[in-house]
Structures are given as structure tokens and as C-alpha cells.
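# Attaching a predicted model along with its sequence, questions to come.
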Amino acid sequence: MPWTGRWTVMVLAAALSTGGAGLPVRAEVPPTRGEVLFRCVFDKPQSVRGLQGLQSGQVELVPGREGRTALHVRIPAGKPAGAGARIDLDAKRLAGCRIRLVAVVKADNVAKPPNPWNGVEVMLHMVASDGGHWVQPNGVHGTFDWKKVGTVVDVPADAKAISLHLGLEQTHGAVWFEQVEITCLTPPRTRPASRPTGPVYKGHNLPRLRGTMINPRVSADDLRVLASWGANHVRWQLNWNSFPHSPADNGDLAAYDKWLEGALKKLDELLPVCHELGILVTVDLHTPPGGRDKALSFRLFQEKRFQDKFVELWKGIARRYRGNASVWGYDLVNEPVEGLMGEELMDWPALAEHTARAIREIDGDHAIIIEPAPWGSIEGLKHFQPLNVPRVVYSVHMYQPHAFTHQGVYGPPTNLSYPGPIAGKHWDKAAIRRAFQVARDFQLDYGAHIYIGEFSAIRWAPGDSACNYLRDVIDVMEEYGWDWAYHAFREWQGWSVEHGGDRNDTRPSATPTDRQKLLQSWFKQNRRPN
């Protein structure tokens with residue numbers, strides 16, 4: 001979220017100059033994987049030109065550990081506000097890169113802020129053609145000794161300005177910053193000079209998979225209803241109780257194994273029903289080992305034991321379902337979020353490839369489905385290289401614009417209509433097409449098959465807005481030949497096409513809604529697997 005003018009700002013504009021707090025950068029040299037693109041240690045304030053806004057007791061440079069210098073930000077109790085430092089970075093150097101932003105931080109009695117994105121701030125503000133982007137680790141507050149705080153950031157390829165912000169926002173307490181470092185995880189992806197031709201691997205021989213994501217508590221009768229609509233596909237959630245947090249967050253792998261075995265037994269019981277109905281199943285790991293931390297990042301990227309369990313469980317699932325004709329593929333994990341990764345651990349592309357190779361040693365037939373980080377977003381494909389593993393399908397989720405699709409989910413409804421102006425842009429079918437463009441380019445550049453594993457719009461969007469949005473999204477997916485699963489069937493009533501547009505009416509509609517009729521009109525075009 002943006003930092004406003006109420007800040008007391010210290011501008012370290014020359015931190016990128018040779019001999020200053022930051023390393024010099026040379027925009028003419030392409031970044032490489034693992035390269036440190038920026039480092040600030042605050043040890044030589046006299047060499048940092050442009051230092052502004054220091055206030056004794058609030059924003060100042062103070063002695064740190066072992067003779068080092070630290071940036072100290074303090075806001076008195078009872079006066080929650082914002083204060084901190086700003087460092088302007090070289091946007092040309094960072095544009096298009098996937099980077100790791102890490103600061104060494106210490107905090108004392110930083111109060112819990114009103115929003116997860118407030119509190120201790122280690123934030124990048126990036127300005128691109130589509131407006132401002134604010135990225136930071138969430139949920140950082142309290143009292144803790146020196147530790148690393150950070151996140152992974154996908155920098156827009158057309159970033160025009162980038163600034164680093166360190167401080168406190170909408171809280172009170174004290175925080176110290178000793179070092180900040182930005183490392184290139186993945187340089188801008190170079191598109192191939194020529195596009196592949198020939199057949200594209202889909203993992204099935206049907207014209208299209210069209211269906212829905214389903215509730216883990218789904219029954220045989222539910223599946224029969226969905227099949228009567230014409231659906232030939234379900235994305236089967238292996239989801240432990242809730243989302244995004246779950247009992248997996250506790251890190252108890254014995255309990256995790258017990259839950260997973262129970263979830264797979266439920267799938268085992270209903271796969272014969274899916275076979276009878278001609279429904280192909282995506283096995284979707286919605287709850288990974290280790291769950292999530294407070295900032296919603298996967299603990300899968302914080303402890304090796306969780307990565308080991310991840311590979312182990314997928315080998316077990318591959319043994320369990322190899323040769324099963326009702327399974328279309330394995331969606332390795334739902335909406336991965338790396339956050340600040342532990343030392344010597346694999347990032348998501350590396351872990352995905354390692355796991356896919358392990359599966360291929362056991363099961364050479366079922367599709368392996370990969371979602372990019374973060375959150376299975378379309379933009380994540382900008383930085384994702386295809387895996388060097390055969391028979392892979394790439395999946396993204398479509399909830400753009402989020403302000404429209406999720407209105408009233410986390411707060412009161414905002415009365416946003418589609419098509420129309422949303423979050424400063426006009427959204428219509430052309431805008432939907434532009435939002436999908438990164439996935440379309442990936443499809444054509446690499447001869448990849450694209451699967452939209454989730455898309456939706458909240459049912460109480462004004463008037464016919466939800467139906468209008470779904471119609472345009474489906475039209476574009478169909479034009480591009482993508483498989484798709486609507487989110488969701490008989491899960492939460494807010495996404496249900498069997499419920500009407502009244503937010504306060506949680507009963508299914510007595511007659512089919514326009515959204516249900518829309519899905520059914522496409523499902524009726526499906527073919528069943530032999």
C-alpha cells in the first residue's frame with residue numbers, strides 16, 4: 001500500500017553512487033541470476049549525498065552492532081503514524097527482474113497495525129505504465145532481535161521509477177535497519193527468436209476441459225448434478241479445513257500426513273463416480289506441508305523438511321494414481337508464495353522442476369500442472385521459464401480486476417460494475433484480453449498448453465456485472481483454446497452460481513441464475529473421455 005505525505009521522509013537519493021551506502025550499478029550490463037543489484041549498509045553517512053529529513057529521536061543514524069551504523073525509526077506510543085527513509089533505485093537496472101529484497105531488522109514493541117501491510121516496512125514502490133505497485137512482507141510487528149525480513153518481488157518490465165522505503169507505518173514503536181540487499185533471482189525472460197510449431201501437449205484428447213473447482217466435502221450426488229450440467233472436469237482441492245491458513249501452519253508433519261491420507265481416501269472413493277460420469281480430475285494440493293506464515297508466504301520455502309515432504313508426498317500420489325484414467329493431472333501446489341526463502345532452499349521454479357522429475361520417474365503419463373509464483377498470477381509467467389520436464393501444463397488464475405471480482409469479500413460491497421471504470425481503468429472485454437496477454441504470449445512462445453484453474457466474480461456484483469465478466473473471460477479463454485475450471489461449485493456461497501445476487505440471501509435460487517445458465521451453455525459443448 002502507498003506511503004502518504006504524512007511521512008517524515010529521509011531521501012537517500014545518492015545511495016547508488018560509488019562509495020556511498022549502495023553499490024554502483026551499470027545498467028548497460030544485463031543482470032545475472034544471483035547478482036547483488038543493490039546493497040545499503042549505512043556505515044558511511046558522510047559519503048551519502050542528499051541525506052534529508054533527519055529528526056533526533058525519530059529518524060536517525062545510530063550506532064548498531066559491532067561498530068556498524070543502523071537506521072533507527074521511532075514513533076511514540078499513542079501516536080500511530082508513519083515515519084521512515086526512502087532510497088531511490090535505478091529502475092532501468094531492476095526492470096523485468098525477479099528479485100529478492102532482504103533487510104536485517106530489529107524491532108522493539110512495534111504495535112500490531114490495523115492492516116497486515118502496515119507495521120515494519122521494507123517496501124518497494126514501483127511506478128509502471130499501469131500505475132503504482134507496492135510490495136512488502138506483511139505482518140511484521142512486535143519485538144524481535146536482529147533478523148532478516150524480506151520478500152520476493154516481480155518488478156514490472158516497464159518500471160519507470162522504483163524507491164525503497166524503510167520505517168514504520170500506521171503503528172508505534174521502534175525499529176532498526178542495519179543492511180538492505182537486493183539480489184536478482186531471475187533476470188528478464190528472453191522470448192525465443194521463433195515459436196514452436198506442431199501439436200501441443202494437453203494431457204487429454206478432448207477438444208476442451210470445462211468444469212469447476214469443487215469443495216473437498218463434495219458428494220457423489222454433487223458430482224452427478226455437475227455432470228448433468230455437462231461438465232467434464234473438476235479441480236479437486238486437497239484443502240485442510242480452511243484457506244489461506246490451516247492446521248498445517250503448525251508444522252506438525254505427522255498430523256499433516258494423517259490429514260492428507262484422509263483427503264486422498266475421499267478422492268479414492270469418488271474417482272469411480274467421476275469415471276462413471278466422464279469427469280476428468282485435477283489433483284490440486286491446496287494445502288502444502290508447513291502451511292503459511294503470518295504474511296501468507298509458504299513455509300515450504302523456509303524449512304528443508306517441508307520441501308523434502310513435498311517431494312515425498314508427490315511421489316506417493318504418483319504411485320497411487322499412475323494408470324488411473326480418471327485423473328487428468330497433478331497440480332503441484334495452489335498459488336505458491338515464496339516470501340523470504342531460507343538459506344540453501346530451492347525457490348519455486350527449482351522445487352517444481354525437482355518434484356516434476358521425481359514424479360516422472362514413477363508416472364510418465366499424467367499431466368503435471370505448474371502455477372507460477374506469486375499466487376498463480378498471470379504476471380508470474382513473465383519471469384517463469386518452462387520446466388525441462390516432459391508433459392507439463394501451465395496454469396494461472398484469473399481474478400483481475402481484483403477490486404471487482406472480490407468486492408464485499410473482505411469488507412462491505414463497493415458497488416463496482418463491469419464493464420466500466422474500476423481502480424482507475426476502464427475494464428471491458430478488450431481489457432480482459434490485455435490482462436491475459438502474458439499467458440497468451442507464454443502459450444505461443446513455448447508451445448505450452450494453458451489451464452485456467454480458477455476464475456470467478458462475486459455473485460453480488462451489481463446487476464448483471466458478474467455474468468458479464470464471466471462471459472467475457474470465457475470468450476477469451478475459448479478463443480485461445482484453454483482448458484478451464486470455474487471457482488467454485490458448492491464451496492462457499494459467495495462464488496456459487498446456484499445463488500442469486502442478493503448478498504444477504506444465502507439460499508440457493510429457486511430457478512437457475514444467468515451465471516449458471518452461462519456455465520451450462522459452455523458445458524453442453526463438452527465431449528466426454530472414452
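All right, it came through fine.
# which residue sits closest to the residue nearest the centre of the chain, ignoring its sequence neighbours?
Nearest to the mean C-alpha position of the chain, by CA atoms, centre = their mean, lies Trp375 at 1.5 Å. Sequence neighbours aside, Glu335 is the residue nearest to Trp375 in space, at 4.5 Å (criterion: CB to CB, 6 or more residues apart in numbering). C-beta: built from backbone N, CA, C; applies to glycine.
# Please apply the same query to Pro419.
Per CB to CB, 6+ apart, closest to Pro419 is Asp428, 3.9 Å.
# What are the neighbouring residues in contact with that neighbour?
418-419, 472 (CB atoms under 8 Å, 6 or more residues apart in numbering).
# And the chain, split by domain according to the record?
Residue ranges for the domains of the chain, per automatic domain parsing: 9-186, 210-523.
# any idea which helix or strand comes after the lowest-mean-pLDDT helix or strand in the chain?
Counting by mean pLDDT, DSSP states H and E, the chain has its least confident helix or strand at strand 9-11, which shows a mean of 33. Following strand 9-11 in sequence order, the next helix or strand is strand 36-40 (DSSP states H and E).
# Please point out which parts of that following strand sit buried.
37-38, 40 (16 or more other CB atoms under 10 Å).
# Present the contacts of Asp428 as CSV; the columns should include secondary structure.
Shown next, in CSV, are those (DSSP: H, G, I helix; E, B strand; the rest coil):
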residue, secondary structure
Tyr418, coil
Pro419, coil
Asp472, helix
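# most neighbours, which of these?
In terms of neighbours by other CB atoms under 10 Å, the contacts of Asp428 top out with Tyr418 at 25 neighbours.
# measure it to Met398 for me?
13 Å (CB to CB, to the nearest Å).
# Over to Ala254?
37 Å.
# Between the two, which has more neighbouring residues?
Per other CB under 10 Å, whichever of Ala254 and Met398 has more neighbours is Met398, with 24 against 7.
# Number of residues surrounding the residue lying closest to Arg305 once chain neighbours are set aside?
Leaving aside its sequence neighbours, Arg305 sits nearest to Leu253 (CB to CB, 6+ apart; 6.9 Å). Look at Leu253: counted by other CB under 10 Å, it has 18 neighbours.
# Let me see the contact set for Leu253.
Leu253 touches 289, 305-306, 309, counting by CB under 8 Å, 6+ apart.
# Same question for Pro188.
31, 95-97, 157, 383.
# which stretches of the stretch 301-450 of the chain have low pLDDT?
In the predicted model, the stretch 301-450 of the chain carries no residue with pLDDT under 70.
# Strands along that one, start to end?
327-331, 367-370, 392-398, 420-422, 425-427, 450-455 (DSSP state E, counting those that start in this stretch).
# now for those strands, which one comes closest to Asp130?
strand 425-427 (7.6 Å; CB to CB).
# about what we covered before: going by neighbour count, which of the contacts of Leu253 comes out on top?
That'd be Pro289 among the contacts of Leu253, by other CB under 10 Å, with 25 neighbours.
# got a list of what that residue touches?
Here Pro289 is in contact with 248, 253, 256, 299-300, 305-306, 309-310, 313 (CB under 8 Å, 6+ apart).
# how about those residues, which pair is most distant?
Arg299 and Leu313, at 14.7 Å, using CB to CB across these.
# Now do the same for the longest helix seen in the chain: mean pLDDT, whole number.
With DSSP state H setting the assignment, residue counts place helix 253-277 as the longest helix in the chain. Across helix 253-277, pLDDT averages out at 98.
# If I take it and strand 327-331, what angle do their directions form?
Helix 253-277 runs at 150 degrees relative to strand 327-331, counting by axes from the mean of the first three to the mean of the last three CA atoms, to 10 degrees.
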